[in-house]
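Colleague: Let me see the structure of the following:
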Amino acid sequence: MSTHELLEPLLRLPRRLTLQLSLLLTVLLVAGIGAHAWITAETQGARLHASIRAHAAALAATVAADAAPLLVLSDYAALEEQLLRAAALPDVLAIRVLDSTGQVVSNVLADADGAPHPDYTPLRLTPPTPDRLVQGERSDGELVAWTPVVSGEPVGWVSVTYSLDPARSLRARVLFEAAVTALLLAVVNLALLRMYLKRRLRAIRLATEFASRLYARRGDELAVNAETDEIGQLQRSLNFASRQLRREHDAVTESTERLHALLAHTLDGILTISDAGLIESCNAAAERMFGTGAEAL
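Modeller: Next up, the predicted model:
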């Protein structure tokens, strides 16, 4: 389907040229801004998402390195203090340390205000495969990074959960700002378009009104203001047509008057008869021949 076929239903609704042009330009403007905003939002969101993934992986690696000796010594109190400090970073939702069996030995969660606190609910998790150490965006909008805890040999795992709300908020903010920008530009576009087209459309309207009065054949002429080449050509063509119609009207009027004078003074009776056989008109000689008036005939 071509662009013209897509826009035709929109252009068919308003009949005035100003509305058609305004609607067309506004649709194109909003579509262009919307496409640019969508691309920008996706690009910046993906960049921030990648940054969050990198931060999560780095934090998990740092916690794993610090937790290795504490996990070997089973110093869970010191391990919990370490996790509380790490979980105080922005957008960290949870940090968990697992032993080699998958049992969570220390679990720190962030509350609604972002303050970390320990959680002692018994929990067992299954560490991921080596190719899934950083798990992307889940249905709940979170990202989980895993790192093995190594002390000569693997002794456990660290799991760091990050919030992806910043990436979502960035996308929403970019799209909202684009919507506001599109609205403002549409208003400015309509105002500028109206200012620019005001004189041109007034010239077209005057030409249209003048064309509708040509049947009067008075020989009037438009003032050629030539707002554009096309409008100037239209005005000159209408003036030429008006002069031609006036000359032809005068010629026909003169011929008609001569014909009427000839019919009135000829001695021959002349009738005009319709296809149905009815007398439509007659001259004075015909009235005298039939001895009655034209209306009776």
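
Colleague: Is it correct that Val108 is in contact with Leu83?
Modeller: Yes - counting by C-beta atoms under 8 Å, Leu83 is a contact partner of Val108 at 4.1 Å. For glycine as for every other residue, the C-beta is placed from the backbone atoms N, C-alpha and C.

Colleague: Find residues that contact each of these two.
Modeller: The contact sets of Val108 and Leu83 overlap at 95, 116, 118 (C-beta atoms under 8 Å, 6 or more residues apart in numbering).

Colleague: a markdown table please, covering those residues and showing pLDDT and distance to Ser159.
Modeller: Formatted as a markdown table, the shared contacts of Val108 and Leu83 follow (pLDDT from 0 to 100; distance: C-beta to C-beta, whole Å):
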| residue | pLDDT | distance to Ser159 |
| --- | --- | --- |
| Ile95 | 94 | 7 |
| Pro116 | 92 | 15 |
| Pro118 | 92 | 15 |
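
Colleague: Most neighbours among those, please name it.
Modeller: Among these, Ile95 has the most neighbours (other C-beta atoms under 10 Å), with 26 neighbours.

Colleague: how about that residue, secondary structure?
Modeller: strand (DSSP: H, G, I helix; E, B strand; the rest coil).

Colleague: residues touching it, list them.
Modeller: Counting by C-beta under 8 Å, 6+ apart, the residues that Ile95 touches are 59, 63, 83, 86-87, 107-108, 158-161.

Colleague: can you name the two of these that are farthest apart?
Modeller: Using C-beta to C-beta, the contacts of Ile95 reach their maximum pairwise distance at Leu59 and Asn107, which is 15.7 Å.

Colleague: Return the member of the shared contacts of Val108 and Leu83 nearest to Leu70.
Modeller: For these, the nearest to Leu70 is Ile95 (13.3 Å; C-beta to C-beta).

Colleague: distance of that closest one from Val108?
Modeller: Distance of Ile95 to Val108, given as C-beta to C-beta, to the nearest Å: 5 Å.

Colleague: swap in Leu184?
Modeller: Note on Leu184: its distance to Val108, by C-beta to C-beta, is 46 Å.

Colleague: Could you pull out the buried residues of stretch 266-281?
Modeller: Judged by neighbour count (16 or more other C-beta atoms under 10 Å), stretch 266-281 contains no buried residues.

Colleague: before we move on, back to that, neighbour count: Leu184 and Val108, which is higher?
Modeller: Val108 (24 against 10).

Colleague: Give the other helices and strands that the helix or strand hosting that one contacts.
Modeller: Secondary-structure element containing Val108, defined by DSSP states H and E: strand 104-110. For strand 104-110, the packing partners by 3 or more C-beta pairs under 8 Å, 6 or more residues apart in numbering; DSSP states H and E come out as helix 76-86, strand 92-99, strand 116-118.

Colleague: Contacts for it, please.
Modeller: 71, 76, 79-80, 83-84, 86-87, 92-99, 116-125, 156.

Colleague: Give me the number of neighbouring residues for Thr101.
Modeller: The burial count for Thr101: 8, using other C-beta under 10 Å.

Colleague: wait, I meant Leu79
Modeller: So Leu79, with other C-beta under 10 Å, has 21 neighbours.

Colleague: give me the element the closest residue to Asp220 other than its chain neighbours is part of.
Modeller: With C-beta to C-beta, 6 or more residues apart in numbering as the criterion, Asp220 has its nearest non-adjacent residue at 5.8 Å, and that residue is Ser242. Secondary structure from DSSP H and E places Ser242 in helix 229-265.

Colleague: so where's the stretch 1-150 of the chain uncertain?
Modeller: Counting by pLDDT under 70, the stretch 1-150 of the chain shows low-confidence ranges at 1-18, 131, 134-140.

Colleague: give me that answer again for 80
Modeller: Flagging of the stretch 1-150 of the chain using pLDDT under 80 yields the residue ranges 1-26, 129-141.

Colleague: Check the helices and strands packed on strand 104-110 for me and report the most buried one.
Modeller: Among those, strand 92-99 has the highest mean neighbour count (mean count of other C-beta atoms under 10 Å), at a mean of 22.

Colleague: That one pairs with which strands?
Modeller: Strand 92-99 pairs in its sheet with strand 104-110 (antiparallel), strand 153-163 (antiparallel), by DSSP bridges.

Colleague: Sweet, I'm off.
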